[in-house]
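*Asks:* build me a model:
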Amino acid sequence: MKKSLLLSFIVVSLNLTLIAQNRGITNTSASKYAKMNSTNIDAVKWTNGFWAERYNVFKDTMILSMWKTIDNPDISHMYRNFEVAAGDIDGDHWGPPFHDGDFYKWLEGVASVYAVTKDPKLDALMDKIIAVIVKVQRADGYIHTPVIIAELHKGIDSHKIDNTVVGTKVGTADKGAFNNRLNFETYNLGHLMMAGIIHKRATGKTTLFNAAVKATDFLCHFYETASAELARNAICPSHYMGVVEMYRATGNPRYLELAKNLINIRGMVENGTDDNQDRIPFRQQYQAMGHAVRANYLYAGVADVYAETGEQQLIKNLTSIWTDITTRKMYVTGACGALYDGTSPDGTNYHPDSIQKVHQAYGRAYQLPNSTAHNETCANIGNMLFNWRMLQVTADAKYADVLETALYNSVLSGVSLDGKRFFYTNPLRISNDFPYKLRWPKERTEYISCFCCPPNTVRTLCEAQDYAYSLGRNSVYCNLYGGSQLETMLNGKDKIKLTQTTDYPWDGNIKISIENAPEKAFSLYLRIPEWCDKATITVNGQPFAAENISNTYTEINRIWKKGDVVELILDMPVKLLESNPLVEETRNQTCVKRGPLVYCLEGMDIQGGKKIDDVMIPADIKFTPRKTVIAGSSIVVLDGTARLANEKSWKNTLYREVGKSDKSVNITLIPYYAWGNRGKMDMTVWMPLEK
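*Replies:* Numbering: from 1, shown residues only. Below is the predicted model:
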């Protein structure tokens with residue numbers, strides 16, 4: 001009897017833990033090999049400062065501005081395709097096949113905002129949209145508007161098709177499903193899974209989630225019955241993350257087996273390509289390779305599988321790949337995928353015979369151009385997703401540091417300050433004198449024909465607060481700093497409430513106040529960023545003795561009580577950075593960083609109308625931070641006095657004798673994420689260094 005009661009108590013305790021903290025952007029509360037778990041998606045609210053201002057733009061403007069775009073069939077057929085596929089409107093499919101997945105990304109962003117605001121208008125809008133999506137889905141769970149619309153045009157009632165009956169092989173009676181890997185079906189389904197999960201965690205409703213379950217079941221059946229070559233028709237592996245999160249949301253072991261098999265399939269394909277990330281079996285890959293977006297999604301999905309299985313070979317691959325990215329292939333902004341038209345080593349070595357052409361490529365080590373940098377926003381978001389999952393399984397602050405770098409610089413740059421216009425690419429230099437016409441606009445636009453990045457930016461920024469804190473056993477981790485309030489349950493039963501007050505990233509003074517705490521001791525982990533050389537901590541005004549090493553977490557363990565105050569002061573000097581000399585394009589140049597923010601120079605911020613190519617940065621330059629406003633957004637700029645280079649014209653000149661100039665020029669640098677908000681003009685991150 002006592003054993004039975006004890007067992008019941010243990011089960012109830014475990015269930016309380018899972019119930020209390022199983023509604024995050026990722027739920028690793030029961031993941032055996034994860035050291036951190038997400039807070040619930042309604043647990044953190046931005047309250048003041050930088051992120052509160054940005055979030056107000058995201059929720060009040062960005063979300064609904066994008067809805068006006070994608071609900072307008074004269075601009076985009078993204079939503080209209082669902083209405084046609086549902087049989088509500090006559091018409092044809094229009095737009096790229098991955099638009100379904102892009103629509104699900106936006107919908108996930110709406111659900112994330114609703115989790116925080118509980119805005120009934122957003123709830124009603126989601127209900128309206130989800131009703132249409134559910135009508136599109138076939139009986140067997142398959143959903144892909146190009147195929148469904150094509151079947152309707154042939155007089156086929158596709159909604160009654162069920163290829164999951166015993167003995168049916170996908171690819172024979174599926175009327176077009178998965179027959180062309182460029183259809184991006186698994187990519188779309190992966191984003192449906194995540195949208196369904198986040199919507200359920202935000203609203204408690206299961207309509208979209210049930211559709212995602214049916215889609216996942218269909219995907220399971222597909223991989224269980226399809227040939228190896230047909231199974232290869234999954235060009236962008238966003239569904240790896242979706243399948244694992246569906247396993248966490250349902251507990252269905254079939255889904256975890258599918259996720260493991262998705263990795264195994266990559267070792268069974270003949271004549272694979274780097275565009276599809278399957279030329280080399282994953283377990284033989286030790287460098288970042290191939291298409292940067294697809295690569296980063298793959299790495300994030302594999303990290304999810306590791307969190308559930310603990311397979312050591314996978315973490316060995318991931319750790320090596322991460323090191324390759326961060327020490328040889330990542331921009332100072334956290335951006336990835338340098339080359340739109342590039343080459344890719346095979347991920348095992350750099351022998352010339354192993355090179356393969358690929359677009360949006362990671363490219364070779366140290367191959368980091370500026371003017372032609374591709375740096376698709378989706379790749380930068382993928383870098384965040386990869387590092388977030390590596391942080392969860394290791395609790396190592398270095399992953400939070402890369403996540404923060406990408407978020408503040410190469411993800412936030414993807415949207416204008418007013419929340420209405422978007423970048424597809426994120427170059428580090430723009431010059432009107434550059435004679436090569438790039439494929440993508442040099443200015444942010446409301447609609448891009450390849451519309452994958454804007455809704456991805458929307459969902460990521462609307463979920464930024466969910467990266468701010470993590471939970472461990474008897475511990476709370478502060479990953480990102482910003483004025484915020486956290487209300488959560490520690491160990492599934494102990495209520496914790498804390499508030500953070502700060503003007504970060506504009507200064508490094510952070511104040512954390514405890515408003516509610518359990519009676520037992522727990523640890524508060526404060527992240528000391530990699531860029532910070534000196535950090536001091538006080539608890540209730542008394543110095544806290546700790547080494548406070550950069551790129552680590554400092555642990556404060558004590559019995560906390562209401563009214564306790566922790567103050568963290570991060571020194572935030574302006575720093576001049578240089579690159580590894582193997583990065584040829586930035587050799588003998590410097591860029592400027594303050595705190596987590598990379599700064600840049602725009603043409604209008606140079607005294608006397610001089611060009612960006614006229615400016616040299618003295619090694620002993622003194623920058624003065626100054627608060628100002630750009631496009632209605634408060635920012636801190638850096639004022640300084642630079643040197644003028646030889647001002648002779650370069651017209652029709654390739655080489656010339658080095659000249660000298662003793663002239664000075666006043667310049668103002670702005671945060672890189674804010675460039676391009678004052679009209680079209682030249683911009684550069686890297687500038688010649690005068691030593």
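*Asks:* please enumerate the strands of the stretch 251-400 of the chain.
*Replies:* 339-344, 356-361 (DSSP state E, counting those that start in this stretch).
*Asks:* need the ones you listed in JSON lines with distance to Lys562, can you?
*Replies:* In this view, the C-beta of every residue, glycine as well, is placed from N, C-alpha and C. Below are the strands of the stretch 251-400 of the chain laid out as JSON lines (distance: least, CB to CB, whole Å):
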{"stretch": "strand 339-344", "distance to Lys562": "54"}
{"stretch": "strand 356-361", "distance to Lys562": "51"}
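*Asks:* how near is the residue lying closest to Val402 once chain neighbours are set aside to Leu412?
*Replies:* Residue nearest to Val402 in three dimensions, not counting chain neighbours: Asn387, with 4.7 Å by CB to CB, 6 or more residues apart in numbering. For Asn387, the distance to Leu412 equals 16 Å [CB to CB, to the nearest Å].
*Asks:* more neighbours: which of these two?
*Replies:* Using other CB atoms under 10 Å as the criterion, Asn387 and Leu412 rank with Asn387 on top: 30 against 23.
*Asks:* that one touches Glu404, doesn't it?
*Replies:* No: the criterion here is CB atoms under 8 Å, and Asn387 misses it with Glu404 at 9.0 Å.
*Asks:* low-confidence ranges in the stretch 251-400 of the chain?
*Replies:* Within the stretch 251-400 of the chain, the stretches with pLDDT under 70 are 267-278, 344-355.
*Asks:* now do the helices in it.
*Replies:* Assigned by DSSP state H, counting those that start in this stretch, the stretch 251-400 of the chain shows helices spanning 253-265, 292-309, 312-324, 377-394, 397-405.
*Asks:* can you list the ones you listed in JSON lines and add distance to Asn548?
*Replies:* Shown next, in JSON lines, are the helices of the stretch 251-400 of the chain (distance: least, CB to CB, whole Å):
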{"stretch": "helix 253-265", "distance to Asn548": "39"}
{"stretch": "helix 292-309", "distance to Asn548": "28"}
{"stretch": "helix 312-324", "distance to Asn548": "24"}
{"stretch": "helix 377-394", "distance to Asn548": "19"}
{"stretch": "helix 397-405", "distance to Asn548": "12"}
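*Asks:* can you check which of the ones you listed gets nearest to Lys593?
*Replies:* When those are ranked by proximity to Lys593, the top entry is helix 397-405, at 9.4 Å, counting by CB to CB.
*Asks:* and the angle from that closest one to helix 377-394?
*Replies:* Helix 397-405 and helix 377-394 are oriented at 160 degrees to each other (axes from the mean of the first three to the mean of the last three CA atoms, to 10 degrees).
*Asks:* residues touching helix 397-405, excluding its own?
*Replies:* With contacts defined as CB atoms under 8 Å, 6 or more residues apart in numbering, helix 397-405 is touched by 322, 326, 330, 333-334, 383-384, 387-388, 390-391, 467, 479-480, 527-530, 551-553, 596.
*Asks:* just to revisit the earlier point, for the helices of the stretch 251-400 of the chain, which one sits closest to Ala642?
*Replies:* Evaluated over the helices of the stretch 251-400 of the chain, closeness to Ala642 peaks at helix 397-405, with 24.9 Å, by CB to CB.
*Asks:* what is the subsequent helix or strand relative to the closest one?
*Replies:* Per DSSP states H and E, the first helix or strand lying C-terminal to helix 397-405 is strand 429-430.
*Asks:* same question for that following strand, mean pLDDT?
*Replies:* Confidence over strand 429-430 (mean pLDDT, whole number) is 94.
*Asks:* in a strand, Trp639, correct?
*Replies:* Check again: residue 639 is Asp, not Trp. Yes: under DSSP: H, G, I helix; E, B strand; the rest coil, Asp639 sits within a strand.
*Asks:* that one: what's it in contact with?
*Replies:* By CB under 8 Å, 6+ apart, the neighbours of Asp639 are 623-624, 626, 666-668.
*Asks:* and the gap between Ser550 and Thr394?
*Replies:* Remark: distance between Ser550 and Thr394 (CB to CB) = 17 Å.
*Asks:* count the neighbours of Leu576 for me.
*Replies:* Neighbour tally, Leu576, other CB under 10 Å: 16.
*Asks:* so where's this protein uncertain?
*Replies:* For the chain, the ranges with pLDDT under 70 are 1-20, 158-182, 226-235, 267-278, 344-355, 436-441.
*Asks:* Thr39 is in contact with Ser470, correct?
*Replies:* Yes: using CB under 8 Å, Ser470 and Thr39 qualify as a contacting pair, with a distance of 7.1 Å.
*Asks:* nearest residue to the middle of this structure?
*Replies:* Centroid-nearest residue in the chain, with CA atoms, centre = their mean: Ile381, separated by 2.5 Å.
*Asks:* pretty sure that one sits against Glu463.
*Replies:* No: using CB under 8 Å, Ile381 is not in contact with Glu463; the gap is 10.5 Å.
*Asks:* that older thread, got the contact list for the residue nearest to Val402?
*Replies:* Listed by CB under 8 Å, 6+ apart, the contact set of Asn387 reads 322, 399-400, 402-403, 406.
*Asks:* measure it to Thr333 for me?
*Replies:* 14 Å.
*Asks:* Asp92 now?
*Replies:* Per CB to CB, Asp92 is found 40 Å from Thr333.
*Asks:* who has more neighbours out of these two?
*Replies:* Taking neighbours as other CB under 10 Å, Asp92 and Thr333 compare with Thr333 leading, 27 against 12.
*Asks:* got phi/psi on that one?
*Replies:* For Thr333, the backbone dihedrals (degrees, to the nearest 10) come out as phi -90, psi 0.
*Asks:* nearest spatial neighbour of it, chain-adjacent residues omitted?
*Replies:* Nearest residue to Thr333 in three dimensions, chain neighbours excluded: Asn409, at 3.8 Å (CB to CB, 6+ apart).
*Asks:* then Ile606?
*Replies:* Nearest to Ile606 is Ile667, by CB to CB, 6+ apart, at 5.5 Å.
*Asks:* do the same with Asn479
*Replies:* Spatial nearest neighbour of Asn479, chain neighbours left out: Ala400 (4.7 Å); criterion: CB to CB, 6+ apart.
*Asks:* from Thr628, how far off is that neighbour?
*Replies:* For Ala400, the distance to Thr628 equals 29 Å [CB to CB].
*Asks:* return the set of buried residues in the helix or strand where Tyr247 lies.
*Replies:* Using DSSP H and E, Tyr247 sits in helix 239-250. By neighbour count with 16 or more other CB atoms under 10 Å, helix 239-250 contains the buried residues 239-249.
*Asks:* good, we can wrap up now.
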